[in-house]
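> Sequence and predicted structure are below.
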Amino acid sequence: MPKEIPTNSSMIPPQPMPEGATDFVETAGPSHDRRPSEGAAAGRAVEAMDSIFDLLAADLYSLASMLVGEGEQSIRLVETAVATAEVSPSWTADQARRSSRLALARAAIELLAKRDSEGLAAPEDLQHAVTCIEDDDLDAAAQARESMERMIAGPDRDRVRAWLESLPTALRTIYVLRAVAGFSAAETAALLEGHGGPRAAGWTPDAIRELFRQGLCSLASQLIHATTAQ
């Protein structure tokens, strides 16, 4: 079984567990071990798992489209993630969601590296920038789940999307993996190092934190200007 991934905040609101999904754990064993009376429960569990996979697909497409753009490539990334994610029948929906997001992130980063070998290059001599967020507040900002969800699901959704599309590849990827997918700085650095190509070998958690801080302040500035312009 893969190592458990720490749970962080996510910009994508988690969907509720479909009714009957908890029955899956009890009925997931071989069919010859089940009593006849368990048939109906097993059927409900299978339907519940189908619903979970449907929810995962919607969640994954939203994430993929932020990383690589809307369209066929995002659909293929979702298919790849569903096919390659390590999911145990005993896991909760949240655990399955985390694993599938990790599988999608790997595939998306590999695609971005193929598009542009320089796009995910690790920065050299990255300097600390004075921004609107201090070091002590960075983790709290990353975990501001409710405000993040309002931005991506509320009236500012189009502005957030347009802002993401305007960012350089590396900054957009870091922001999405941290604020949207909920990965830590260390997890994000490892994903970029492992799947971003030769130029991405130098990513560190500190560099991820620095660029994520800059991204948060950029978004805050974007939304403030958009609000005052109305």
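Good, I have the coordinates. It should be emphasised that the depicted structure is a prediction, and the values quoted were computed from it without experimental measurement.
> what residue ranges in this protein score low on pLDDT?
Scanning the chain for pLDDT under 70 picks out 1-53, 128-154, 156, 222-230.
> Apply 90 and report the result again.
1-59, 62, 70, 82-97, 124-164, 179-180, 182, 209-210, 212-230 (pLDDT under 90).
> quick check: domain ranges of this protein?
23-115, 135-228 (automatic domain parsing).
> Quick check: chain neighbours aside, which residue is closest to Gly119?
Leaving aside its sequence neighbours, Gly119 sits nearest to Thr169 (CB to CB, 6 or more residues apart in numbering; 3.6 Å). In this view, the C-beta of every residue, glycine as well, is placed from N, C-alpha and C.
> Does Asp125 lie in a helix or a strand, and which?
Per DSSP states H and E, Asp125 falls between elements, in no helix or strand.
> ok, now which ones touch the nearest residue to Asp116 once chain neighbours are set aside?
Closest residue in space to Asp116, ignoring its immediate chain neighbours: Thr169 at 6.3 Å, by CB to CB, 6+ apart. Thr169 is in contact with Leu112, Arg115, Asp116, Gly119, Leu120, counting by CB atoms under 8 Å, 6 or more residues apart in numbering.
> what about Ala81, neighbour count?
Using other CB atoms under 10 Å, Ala81 has 26 neighbouring residues.
> ok, residues contacting stretch 120-130?
So stretch 120-130 is in contact with 109, 112-113, 169-170, 173, 192-193, 196-197, 199-204, 207, 210-211, 213-214, going by CB under 8 Å, 6+ apart.
> Now that stretch: buried residues?
By neighbour count on 16 or more other CB atoms under 10 Å, the buried set for stretch 120-130 is Leu120, Ala121, Ala122.
> got it, and stretch 201-213?
Quick answer for stretch 201-213 (16+ other CB under 10 Å): Trp203, Thr204, Ala207, Ile208, Arg209, Glu210, Leu211, Phe212, Arg213.
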